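S.K.: coordinates for the following, if possible.
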Amino acid sequence: MSAAEDRADVESVLLGDASAFEGIVRRWQGPLVNLAWRFCRDRGRAEEMAQEAFLRVYRALKTWRGDSAFSTWLFALATNLYRTELRRVPMVTVSLDEIAEPMDTRAVKGGIEEEQGNQIVRAAVLTLPAKYRDAVVLFYFHEMDMTQAARSLRVPEGTVKVRLFRAREILRSKLPRILAASHWKET
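M.R.: Numbering: from 1, shown residues only. Reported below is the predicted structural model:
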């Protein structure tokens with residue numbers, strides 16, 4: 001990346017040629033998105049943050065004094081913006097224990113409609129012991145998070161996690177028998 005190209009593009013933009021900013025974007029888009037990703041670890045959000053950084057750079061081009069490399073100024077501006085953005089809208093992290101297990105798509109083969117599959121799963125859930133069934137219903141069917149389910153059941157979050165784990169284990173052993181009994185088999 002050429003410092004001379006950066007300087008020429010900045011001077012052109014400041015003289016009224018807004019299209020010269022395209023050269024800056026082309027050279028620095030990848031590095032700014034990568035920098036943003038290191039802050040937020042979310043590709044979509046990183047692209048949005050980089051786009052906002054380019055808007056800020058465009059508006060602030062006249063403040064670049066040229067006594068340091070353009071890249072230094074650009075990265076300082078972007079870093080400050082990214083930090084501010086993460087303070088304004090913090091990253092949300094989710095524990096792996098709180099993520100629902102994906103449905104086994106092999107179980108849906110054989111021409112059965114999704115609704116019938118849902119009915120079979122719900123019927124299997126109803127056969128669980130009450131403490132496991134209640135946790136599953138709140139967490140999966142009512143889409144409560146772990147904290148809400150724990151409050152609703154009046155138990156610690158750890159207890160809800162254990163009950164969900166045990167419920168999934170029971171369902172893994174029961175579903176093949178229920179599917180066989182309902183004539184729902186893989187082809």
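S.K.: quick one: list the elements packing against the host helix or strand of Q148.
M.R.: Secondary structure assigned from DSSP states H and E places Q148 in helix 146-153. Contacts defined by 3 or more C-beta pairs under 8 Å, 6 or more residues apart in numbering; DSSP states H and E place helix 146-153 against helix 130-136, helix 157-181. Every C-beta, even on glycine, is put in place using the N, C-alpha and C of the backbone.
S.K.: what is the orientation angle of that helix with helix 157-181?
M.R.: 90 degrees (axes from the mean of the first three to the mean of the last three C-alpha atoms, to 10 degrees).
S.K.: pull out the buried positions in helix 146-153.
M.R.: Across helix 146-153, burial judged by 16 or more other C-beta atoms under 10 Å covers M146, A149, A150, L153.
S.K.: could I get those as CSV with pLDDT?
M.R.: Listed next are the buried residues of helix 146-153 as CSV, based on pLDDT from 0 to 100:
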residue, pLDDT
M146, 87
A149, 80
A150, 83
L153, 80
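S.K.: show me which of those residues is closest to Y132.
M.R.: L153 (11.0 Å; C-beta to C-beta).
S.K.: just how off-centre is the helix holding Q148 within its chain?
M.R.: 23 Å (C-alpha atoms, centre = their mean, to the nearest Å).
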